[in-house]
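>>> here's a sequence, model it:
(one chain, ligands or ions: 1)
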Amino acid sequence: MYQCSGCDKCFASKGPFFKHRVGDHEVKEGPNRRRCMTTEETEASGKFQHAVVPTGKNAGKDLWRLAAPDHGRPENWTEDDEEEGDD
Ligand SMILES: [Zn+2]
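Below you'll find the predicted structure:
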């Protein structure tokens, strides 16, 4: 499982984790800043399925997985996104 260090959301895998990061790399301010989608945006995007973490220290928390199968890395993948959860 993946947990975002920025927003604490839990993800089933790297795919949905990458998808919830929006904006441009290395942009810290303004509308295009790199940030996490809000829960509302995550739900509204239609890209994610909402589930609940079944076991472990995050049991009962929201768990996000991709609504459709994801193959490969997103176009804007960079090393910068390779943030490990503490799992
Ligand atoms: Zn996040």
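>>> partner residues bridging the residue nearest to Cys7 when sequence neighbours are not counted?
Nearest non-adjacent residue to Cys7, counting by CB to CB, 6 or more residues apart in numbering: Cys36, 4.0 Å away. Yep, even glycine has a C-beta here, placed from its N, CA and C like the rest. Beta-bridge partners for Cys36, by DSSP bridges, are Arg21.
>>> just checking, Cys36 touches Gln3?
No: checked against CB atoms under 8 Å, the pair Cys36 and Gln3 is beyond contact range at 11.7 Å.
>>> quickly list what's touching both of those two.
The overlap between the contact sets of Cys36 and Gln3 (CB atoms under 8 Å, 6 or more residues apart in numbering) consists of Lys9.
>>> three-state assignment of the residue of the chain most remote from its centre?
In terms of distance from the mean C-alpha position of the chain, Gly30 ranks first, at 20.4 Å (CA atoms, centre = their mean). Secondary structure for Gly30, judged by DSSP: H, G, I helix; E, B strand; the rest coil, is coil.
>>> residues from the chain in reach of the ion?
Residues of the chain lying close to the ion (CB under 5 Å from the ion) are 4, 6-7, 36.
>>> make sure Phe18 is indeed in a strand.
No: counting by three-state DSSP, Phe18 falls outside a strand, being helix.
>>> next, work out how far apart the residue lying closest to Ala12 once chain neighbours are set aside and the ion are.
The shortest distance from Ala12 to any residue other than its chain neighbours is 3.8 Å, reached at Arg65 (CB to CB, 6+ apart). Noted for Arg65: a distance of 15 Å to the ion, by CB to the ion, to the nearest Å.
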